[in-house]
Structures are given as structure tokens and as C-alpha cells.
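> how would this look folded up:
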Amino acid sequence: MDGIQHVLDTFFDLPLILSTLPTLLKEGLLNTLFLTVLASVIGLVVGVFLASGLMSRHLLLRLPCRWYVDVLRGLPHILSIYLIGQGLPLAGLNVFGSWTYGYAALAIGLMEGAYMAEIFRSGFQSVEKGIVEAARSLGLSRARTMRLIVIPIGFRRVLPALTGQFILVIKSTALVYLLGLATGQREMFAIAQDTSSNNASLSPLVAAGLFYLVITVPLTYAVNAWDRRMREGRPVAALPPVEAAA
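Modelled structure (predicted):
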């Protein structure tokens, strides 16, 4: 019985979990969502720019974009966040001053931009050649065809994949504790980690894990349903039987 009680105290200390919930909700959840949105916006901008570069006919533009995507996708997330988030201030590039959130969002956004670039590239290249040729035959330049035809159609086709990447951004925010967030700036993992260290119990981390699951699992099911809907189309309603002529 002592062993079971020890396991319960370590992972499921209910009074400790209940005392941590208000901080997780009021501070951790809001900061996590804010950081996720900020990093996703940066990732989207970087991703579209890189995808355009990857499809360029000019080697001098295509090659740096390919290197960027390969390097950022090849490095562990924790290493990229540390190098970008801690490296910029240490190198004297204080682009965000003392605002730690800026460095955290930039680190995640630049990293996720590499993944989003491949998503956008596959979406843009999935646009049928006939549509592109029809636009060019109407007198549209290559740039206008890209801006008015290819990007809108391709963007719609990759929305489920982008939403899936958004889920990964949510989970990546747990790594920004490396940058030393101040009180009031901590996301869910940082709050749970601090509380666990102070109370010698992992129960707050279990509570934080449940919060992540509440956000990510429904989104995952929504993405799967959305993707299935776009591949298979809307279900066709059954037509009423035709009555035989009298």
C-alpha cells in the first residue's frame, strides 16, 4: 500500500493539482496560446517566402531557401530555440529589447517556417498546369498568376496540413522555458515545472499534460475530419425515389 500511495503522491496529488489549476488557466494557458499565435504568424510569413523561393527558376534564390529548410528541419527543436532565442541577445542583436516573448516567438516561428515552406510548396505545385496556362493565356504575368491563382488555390488545399502544424507549434511552446521567462510570462510547462520542483511532486506536470491534451486531441480529430472532407467532398444526399407514372 505504501508503494501505491507513493505513486499517487508523485503523479496524482489532487490538492496540489487543484491549487495549480488557477495559475495554469489564468497565466499558463493564455501565454501558451498567445505565443502559439505569434509564432504561427511568423512561421506563415517565412513559409510562404521560402516556398516561393523553392519554386523559383533562379538557382541563386532557390539554393539558399533549400539550405535554410534542410538545416532548420534537420536540427533538434530544443537546439534551434536555444541558438536563436539565446544566441541573438548574446550576439548583441537585441531586436526585441528585453521582451523575451519576441525571441521565443521568433525562434519557434523561424523553425516552423521551414516545415510550413514544404507544406506550401506541395500545395502550390498541386495546382493543375491547365489552370496556370489558362491564366497565362489571359495575359497575366507569372507573378500575378502566382499571386492571384496559384497561392489562393494552393493555400486552401494545405489548410488541414497547416492546422496540423499549428498543433506542433502548441507543443513547441513548452521548450521556451530555456529562455528564462519571467513571472507572468510563463507558459503552461514552465508553471508546472516550477511548481513540481517546489513541491517535489510531478502532479503539476500531469495537470499541464492534461491541458495540452484538451487542446491538441480535439484539434487532431478536427484536422483529420477536415482532410477527409476535402479529399472525398461533401456527402451527397440520397435522392427521393421516383414514383412510377400512373
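> name the surrounding residues that touch stretch 196-206.
Stretch 196-206 is contacted by residues 9-14, 16-17, 20, 24, 189, 191-193, 195 when judged by Cβ atoms under 8 Å, 6 or more residues apart in numbering. Bear in mind the C-beta positions are built from the backbone N, C-alpha and C, glycine included.
> let me fix that: stretch 75-87
Residues contacting stretch 75-87 (Cβ under 8 Å, 6+ apart): 72, 103-104, 106-108, 110-111, 172, 175-176, 178-179.
> any idea which helix or strand comes after the least confident helix or strand in the chain by mean pLDDT?
The helix or strand of the chain with the poorest confidence is helix 2-11; it has a mean of 83 (mean pLDDT, DSSP states H and E). Where DSSP states H and E defines the elements, the next helix or strand beyond helix 2-11 is helix 14-23.
> tell me the angle of the least confident helix or strand of the chain relative to helix 14-23?
10 degrees (axes from the mean of the first three to the mean of the last three Cα atoms, to 10 degrees).
> how about the helices in this structure?
Secondary structure of the chain by DSSP state H: the helices cover 2-11, 14-23, 30-54, 59-74, 77-90, 100-125, 129-137, 142-145, 151-157, 159-172, 188-199, 203-232.
> please put the alpha-carbon coordinates of the least confident helix or strand of the chain into PDB.
Output of helix 2-11 as PDB, limited to C-alpha atoms (Å, rounded to 0.1, in the frame of the first residue of the first chain):
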ATOM      1  CA  ASP A   2       2.900   2.400   0.700                       C
ATOM      2  CA  GLY A   3       4.100   1.900  -2.800                       C
ATOM      3  CA  ILE A   4       0.700   2.700  -4.300                       C
ATOM      4  CA  GLN A   5       0.400   5.800  -2.100                       C
ATOM      5  CA  HIS A   6       3.900   6.900  -3.100                       C
ATOM      6  CA  VAL A   7       2.900   6.600  -6.800                       C
ATOM      7  CA  LEU A   8      -0.300   8.600  -6.200                       C
ATOM      8  CA  ASP A   9       1.600  11.300  -4.300                       C
ATOM      9  CA  THR A  10       4.100  11.500  -7.100                       C
ATOM     10  CA  PHE A  11       1.700  11.800 -10.100                       C
END
